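Undergrad: Need coordinates for the below:
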Amino acid sequence: MHSSSGPDERDETNCEAPIRLAQQNKLPPLSRLLRSRQPVGNIFNAGQIGHTTLATRVFIGLATLSLAVFLRILLNPILKGHYPYLTFFPTVLIAALYARWRIAAVIALASGFLAERFFSFPLNQFTIDAQHLIALTTFWMVCAAIIGLIEAMHCSQARAQQATAEAAASRNAMISLNAELDERVRTRTTELETAHGALRAVIDGSPDPMASVDLERRLTAFNVAYGDEFQARFGVTPVIGAKMDDLLAGLPSEQAKLLMLWQRALQGLMVSEETFGHAQLGERTYQINSSFIRDSSGRPTELVYSVRDITEQRALQRRLQEMNEGLECEVAARTCQLSEAMHALEAARDQLQLVVDNVPAGVIYCDGEQRLRFANRYYAGRFGKMPSDLIGKRVADVVGHEAYATVQAEVERALRGETLRFEREVPFVQLGTRIMELNYAPDVAPSGVVRGFVALISDITERKRVESALRDAETKLRHQAVELEELVATRTAKLVETVTELESFAYSVAHDLRAPLRAITSLTALLESEFGATAPPDARDYMQRTRRAATRMDALIRDLLILSRVGRTEVSFRRIDLDALVEILITESPDLQPPAAEVIVLKPLGVVVGNEMLLTQALSNLLGNAVKFVSGKQPRIVVRSERINSEVRLWVEDNGIGIAPQYHKKIFGIFERLGGRVGVESEPGLGSHFWFELPAVVPKDRSAPVAISSTAPARDRSVTFPEPPDQQGS
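TA: Coordinates of the predicted model:
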């Protein structure tokens, strides 16, 4: 049953009870002389701790906890939110050593909560997430291991002190009895025998082997446990009066150990530990406690010693030491793991910081009190600060109270859990009025409490200015387009009127020109009918040429009428044999025949798709100009062609006066239509090389009809033809 003397006794563990009993053991008077020779404790006195009051233990725990908090506050400017449990491990250790396990457990719990609440990042905020929960649990596990280890050490020390107290009590009792017997031996033999009998009873009742030897190492006394142990170990029965050297004569090694122990006793070493082999139990460790019995003059007469088997006790101590070392290795490994995890978290945090700092927009985090807990470099740089300069400041103090007033309602809505996106003109003190795009996302805890919000802030002032300028420009362009359309309509009407007048003039001119041609054709026909049979061959040839020329001239006039309406009518295309067309043009023009000119045609020229009238006119103009614009030498003309993909490029090359480069683009304007391309290569005095391209006819399709119109060409190209000779500048 527990005593009701006070709370300190109710707090004692099972390990403290043996200590109390050992201290309450009544020792004989002579034991006080030998107290200085008792075994010294470990790093703490278990007996004293067992008798401390509960108030003292609580005071020790609170004092160490307060000291740890004070040291952490001093180190907080250096450590910030890192290593929150650094100063609390010694607190738990000291509490376990001097206040025992219950107080130490309370201190460990309190330390964990204090570290998480005030010294773990984010500071001054108790955050329960996976990372903090793992750290807190690990801290408590390490504290529990430390408390358990130290409590085991308390118990071991208590048992060791109990054993030491019992041995000391037995030894001192024996010394006391021997001393009293020596004092009375001369006068009271009866008392001596009585005392000797009592001593034998005590010695025989002891579980530890005990014996005494004189200065010649003869056995003077031993108890039953000693005789049994001696017989079992050495195979020899001890006898009172026998010399130990004779008893162990057959065991030299044991004899040497006995001599060594005797020398130690003579030197004053009264307590020692030795290891001996055992036939049945194997190797055993013994604690040997010895003391001399002295006569009245103080000279030693006998050596009394006891032997205690402490093999199990030492094995327990070794196991405790191994457990301690294993625990230390495990703590070191866990510490290393925690360090690696912290380094990984720091690396991930640095990477995230790098990404956020390089976002071209402001990124901040505000807590429930509207204080900045995070700001990227872009946001801080807008105010000429570093991110660390803004941490802990209120939003209104950073942006200015006037600017904060424009977004205060939205900030309060975000802290109520709303996600917002809006644009607002914000009058900053440092930056002036800026148009900002703001995105607010609340930080809602699993419990539903809004802990703060994240804000993504972009300055869109320049973008808005550009958009406004674009809108103004678009409006202006629309007005200009309307004005341009009105101008085009007016000029188109005038152009239509002019074209109509030109068409009327062309029709009138063409009609008037056809009347003389019809007369020439009729007169030539009459000459052929009247004199054709009797006329000389040259005359008949001239009449035929005259009739064909008149017919062609009539066709040209008709084509001229069509050409006058070419801008509004559809031009038809068909296959044209370039060899035949060029031959006709050369035959019908005397200026192209020797000796007037030298014309070289490199056949075959190919078959193309085009308008025969326009192509005939173009070739006639090119050949005529080649003969006309020659200075002091015989005109020389080369007509050739080349195939370029699906096109035929026809060349008309002369040795005329040439054309200056600045006029190359002006000489093909009047006949520009869809269907082909035209160009010139010329230098003044070096002749001219005209060319134009038309679609080639594939040989296998020569019999197939062609349906191509100028208003819906097969290729997106423009066909241009040179002006008539009398309209060119060269």
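Undergrad: Show me the helices in the stretch 101-250 of the chain, by range?
TA: Along the stretch 101-250 of the chain, counting by DSSP state H, counting those that start in this stretch, helices occupy 130-184, 189-205, 224-234, 244-247.
Undergrad: what does the stretch 601-730 of the chain give?
TA: With helices called from DSSP H, counting those that start in this stretch, the stretch 601-730 of the chain shows them at 612-628.
Undergrad: Residue 453: which of the helices of the stretch 101-250 of the chain is closest?
TA: helix 130-184 (21.1 Å; C-beta to C-beta). For the C-beta atoms, the positions are set from N, CA and C on the backbone; glycine is no exception.
Undergrad: measure residue 696 to residue 607 for me?
TA: Applying C-beta to C-beta, to the nearest Å, the value for residue 696 to residue 607 is 7 Å.
Undergrad: how about the helices of the stretch 101-250 of the chain, which one is nearest residue 598?
TA: Across the helices of the stretch 101-250 of the chain, closest to residue 598 is helix 130-184 (C-beta to C-beta), at 100.2 Å.
Undergrad: Wait, residue 603 touches residue 579, no?
TA: Yes: Residue 603 is in contact with residue 579 according to C-beta atoms under 8 Å; the separation is 5.4 Å.
Undergrad: Of the two, which one has the most company?
TA: For residue 603 versus residue 579, neighbours defined as other C-beta atoms under 10 Å are more numerous around residue 579 (15 against 12).
Undergrad: Now residue 429, what are its backbone angles?
TA: phi -70, psi -40 (degrees, to the nearest 10).
Undergrad: Now do the contacts for it.
TA: Taking C-beta atoms under 8 Å, 6 or more residues apart in numbering, we find residue 429 in contact with 399-400, 402-403.
Undergrad: Show me the strands in the stretch 501-650 of the chain, by range?
TA: Counting by DSSP state E, counting those that start in this stretch, the stretch 501-650 of the chain has these strands, from start to end: 574-577, 598-601, 607-610, 636-644, 647-654.
Undergrad: In JSON lines: the ones you listed, plus distance to residue 338.
TA: What follows is the strands of the stretch 501-650 of the chain, written out as JSON lines (distance: least, C-beta to C-beta, whole Å):
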{"stretch": "strand 574-577", "distance to residue 338": "92"}
{"stretch": "strand 598-601", "distance to residue 338": "99"}
{"stretch": "strand 607-610", "distance to residue 338": "87"}
{"stretch": "strand 636-644", "distance to residue 338": "79"}
{"stretch": "strand 647-654", "distance to residue 338": "81"}
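Undergrad: For residue 215, find the nearest of these.
TA: Nearest of the strands of the stretch 501-650 of the chain (C-beta to C-beta): strand 636-644, 137.8 Å.
Undergrad: Any buried residues in the closest one, and which?
TA: By 16 or more other C-beta atoms under 10 Å, the buried positions in strand 636-644 come out as 636-639, 641.
Undergrad: again with stretch 305-324
TA: Residues of stretch 305-324 classed as buried by neighbour count (16+ other C-beta under 10 Å): 305-311, 313, 316.
Undergrad: Output those as a markdown table; include the columns pLDDT and distance to residue 683.
TA: Supplementary listing: those in a markdown table, determined by pLDDT from 0 to 100; distance: C-beta to C-beta, whole Å:
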| residue | pLDDT | distance to residue 683 |
| --- | --- | --- |
| 305 | 81 | 137 |
| 306 | 81 | 136 |
| 307 | 82 | 134 |
| 308 | 81 | 131 |
| 309 | 79 | 129 |
| 310 | 83 | 125 |
| 311 | 82 | 124 |
| 313 | 83 | 123 |
| 316 | 87 | 118 |
